[in-house]
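Engineer: here is the input, now give the coordinates:
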Amino acid sequence: MEKLYVFGTGNAQAVRCYNTCFALKDREEFFMVDAGGGNGILKILEDMKVELSQIHHIFVTHEHTDHILGIVWMVRMIATAMKKGNYEGQLRIYCHHELTDTISTLCRLTLQGKFYKMIGERIFLVPVEDGETVRILDHDVTFFDILSTKAKQFGFTFALKDGRKLTCAGDEPLSAECVPYVKGSSWLLHEAFCLYEDRDRFKPYEKHHSTVKEACELAERLDIPHLVLWHTEDKRLADRKALYTAEGKEYYRGELHVPDDGEILSL
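Structural biologist: Residues are numbered from 1 along each chain as shown. Have a look, this model is predicted:
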């Protein structure tokens, strides 16, 4: 059975938990999605016993700091492992076309030349198109433009081996135009900036985010059996799971997950 490794669950300004990023595991390999905003990702991987040698596919959703800067550290550490003979094969980093130049430039400006030159030799930036399907870890992964209001961003659907589908909707509320990608999903990964009751405090709508209430109403409307909520504020972190679950259950009858950093969910 495939598993979801939750690396981080916080929004861009979270300091009590790591920025939202994760990986899908099949057998002993991982398809990693984003890397958060810094080298904290390296400790998380170590704590969760995920070896760099198990990661040959990474998808970067968009250019915001809390999603892309950790990629520089992944490139550095994997390039180092390659040079030491501790990493077999290639690393493929998928993203939309505009993002390939951004990632390349960040690496060129921040990494030593010996690491940067691995891009194009054994580390490859792979642009993907809206609606394109790529075979990753023996799964069909279909990327789609979420039509972000802030920066171009892609989500994806991931075909599980038993015929079910998992969808990552990015870090903004799902647009009506993207509903066809989500329909029929068994799992939906969706942002929920805060509780509905805290909307005046955290102002999610000004940031183009949703609350637990809206995310759960969406999943209920689309008849999604399993919903994962993350990319949240971190001021109520100690009680987040209980509070978000309680509010979510008012609007959603499926299986609701509000994971902490470091959790592993069986799909």
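Engineer: make it CA atoms for all contacts and neighbour counts henceforth
Structural biologist: OK.
Engineer: now the strands for the stretch 101-250 of the chain?
Structural biologist: For the stretch 101-250 of the chain, strands defined by DSSP state E, counting those that start in this stretch occupy the ranges 123-128, 133-136, 139-145, 154-159, 165-168, 187-191, 226-230.
Engineer: dump those strands to TSV, plus mean pLDDT, distance to residue 255 and mean neighbour count.
Structural biologist: Shown next, in TSV, are those (pLDDT from 0 to 100; distance: least, C-alpha to C-alpha, whole Å; neighbours: other C-alpha atoms under 10 Å):
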stretch	mean pLDDT	distance to residue 255	mean neighbour count
strand 123-128	98	32	18
strand 133-136	98	27	15
strand 139-145	98	23	20
strand 154-159	98	19	23
strand 165-168	98	14	23
strand 187-191	98	9	24
strand 226-230	98	5	23
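Engineer: now do the helices in the chain.
Structural biologist: 40-47, 65-83, 97-110, 113-116, 179-182, 199-202, 212-221, 240-248 (DSSP state H).
Engineer: residue 55: which of these is closest?
Structural biologist: Taking C-alpha to C-alpha, helix 65-83 is the member of these nearest to residue 55, at 9.0 Å.
Engineer: what residues of the closest one count as buried?
Structural biologist: Within helix 65-83, the residues that count as buried by 16 or more other C-alpha atoms under 10 Å are 66-76, 78-80, 82.
Engineer: closest to residue 27 among those?
Structural biologist: Among the buried residues of helix 65-83, and counting by C-alpha to C-alpha, the member closest to residue 27 is residue 78, at 20.4 Å.
Engineer: right, and residue 251 touches residue 213 too?
Structural biologist: Yes - when contacts are counted by C-alpha atoms under 8 Å, residue 251 is listed as touching residue 213 (6.5 Å).
Engineer: including mean pLDDT and distance to residue 159, could the helices of the chain go into a markdown table?
Structural biologist: As requested, the helices of the chain are exported to a markdown table (pLDDT from 0 to 100; distance: least, C-alpha to C-alpha, whole Å):
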| stretch | mean pLDDT | distance to residue 159 |
| --- | --- | --- |
| helix 40-47 | 98 | 24 |
| helix 65-83 | 98 | 23 |
| helix 97-110 | 98 | 23 |
| helix 113-116 | 97 | 33 |
| helix 179-182 | 96 | 12 |
| helix 199-202 | 98 | 34 |
| helix 212-221 | 98 | 19 |
| helix 240-248 | 98 | 26 |
